[in-house]
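Colleague: need coordinates for the following:
(one chain, ligands or ions: 2)
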Amino acid sequence: MKYTNQRVAILDFLKDNFNHPTVEEIFETVKQKLPRITKATVYKNLKILVANGLIKEVNIKGVSRFEAKMEPHHHIICTSCGKILDFKSKELIDYALKMIENQTEIIIDSAETTFFGRCEICE
Ligand SMILES: [Zn+2]
Ligand SMILES: [Zn+2]
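Modeller: Ligands and ions are numbered 1, 2, ... in the order given. Here you go, the predicted model:
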């Protein structure tokens, strides 16, 4: 994969942004640096970065979001303000994998769970 200006701009933005931005939000920011970029190009580059293992796509409530944090982790979503927090727990992943493998014939490679609740501000 070539590190084009567009891809570097997208990567730089995602490395400093932990809010799991949507294509729209990434486009709005990258556009300030690269005014001629289109949303379709941003989307295409995001897919290439995902395919190359540099970023991760997470589908939350049917919306594609992107992040540069590659270690497996869970997400906690505030149902009131929509904030998405990362939650790292290897124990939770190990437990989920073991449970599914004990109850099915499927070999599971990874598990990521989404939790819903209210954050400390909304509570
Ligand atoms: Zn909240
Ligand atoms: Zn995350």
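Colleague: roughly how far is stretch 38-45 from the heart of the chain?
Modeller: With Cα atoms, centre = their mean, to the nearest Å as the basis, stretch 38-45 stands 17 Å off its chain's centre.
Colleague: what mean pLDDT does that stretch get?
Modeller: When pLDDT is averaged over stretch 38-45, the result is 97.
Colleague: kindly report the same for stretch 113-123.
Modeller: pLDDT averaged over stretch 113-123 gives 93.
Colleague: what are the buried residues along that stretch?
Modeller: Within stretch 113-123, the residues that count as buried by 16 or more other Cβ atoms under 10 Å are residue 119. Every residue, glycine included, has its C-beta placed from N, CA and C.
Colleague: got it, and stretch 52-60?
Modeller: Applying 16+ other Cβ under 10 Å to stretch 52-60 flags 54-56, 58 as buried.
Colleague: next one: stretch 57-76
Modeller: For stretch 57-76, by 16+ other Cβ under 10 Å, it's 58, 65-68, 73-75.
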